[in-house]
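J.: attaching a predicted model along with its sequence, questions to come.
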Amino acid sequence: MENFFIKGTDRTPEVDFNFTSGVMSIFGRSITENPISFYKKLEDYIIEYGKKPPNKTLFTVTLEYFNTSTSKCLVDIFKLLEQFHSTQNEVLVEWYYEEDDEEIKDAGEDYKDIVDIPFEIKLLN
């Protein structure tokens, strides 16, 4: 399976999925008008990845801002990762926030409570 990369814009995040190493990241802003279309591509790649994932998957999220519509899409992605974790694959989500950004930190805490996978909330250095 080929790696997947989308360059970020002022409205969409950068996406870098390295399926060989099992490291996937989303970085930037997500205020796209049609997040379902944008995130559906990511979900499709993750589903394909899940057919033969490496032993460990690291999924990092570093969003400085995202809209409500994006939030639902992120839950869907975390639920896919939860399925991998439940099939004996090691999965870790790292959610990054800036020191003064309580909203992003709180959102990470909410997602951590929703899914049953290792989920770390980390201060961005």
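T.: All right, it came through fine.

J.: so where do the strands sit in this protein?
T.: 4-6, 14-18, 23-30, 56-66, 90-97, 119-123 (DSSP state E).

J.: Throw these into JSON lines and include mean pLDDT, thanks.
T.: Below are these laid out as JSON lines (pLDDT from 0 to 100):
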{"stretch": "strand 4-6", "mean pLDDT": "96"}
{"stretch": "strand 14-18", "mean pLDDT": "97"}
{"stretch": "strand 23-30", "mean pLDDT": "97"}
{"stretch": "strand 56-66", "mean pLDDT": "96"}
{"stretch": "strand 90-97", "mean pLDDT": "96"}
{"stretch": "strand 119-123", "mean pLDDT": "98"}
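
J.: need those in a markdown table (columns: mean neighbour count and distance to residue 43).
T.: C-beta coordinates here come from the backbone N, C-alpha and C atoms, glycine included. Output for the strands of the chain, formatted as a markdown table (neighbours: other Cβ atoms under 10 Å; distance: least, Cβ to Cβ, whole Å):
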| stretch | mean neighbour count | distance to residue 43 |
| --- | --- | --- |
| strand 4-6 | 14 | 11 |
| strand 14-18 | 18 | 11 |
| strand 23-30 | 20 | 12 |
| strand 56-66 | 19 | 13 |
| strand 90-97 | 20 | 15 |
| strand 119-123 | 15 | 18 |
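
J.: now the residue located most distally from the centre of the chain: how far from residue 123?
T.: Using Cα atoms, centre = their mean, the residue of the chain lying farthest from its centre is residue 100. It sits 21.4 Å away. Residue 100 sits at a distance of 10 Å from residue 123 (criterion: Cβ to Cβ, to the nearest Å).
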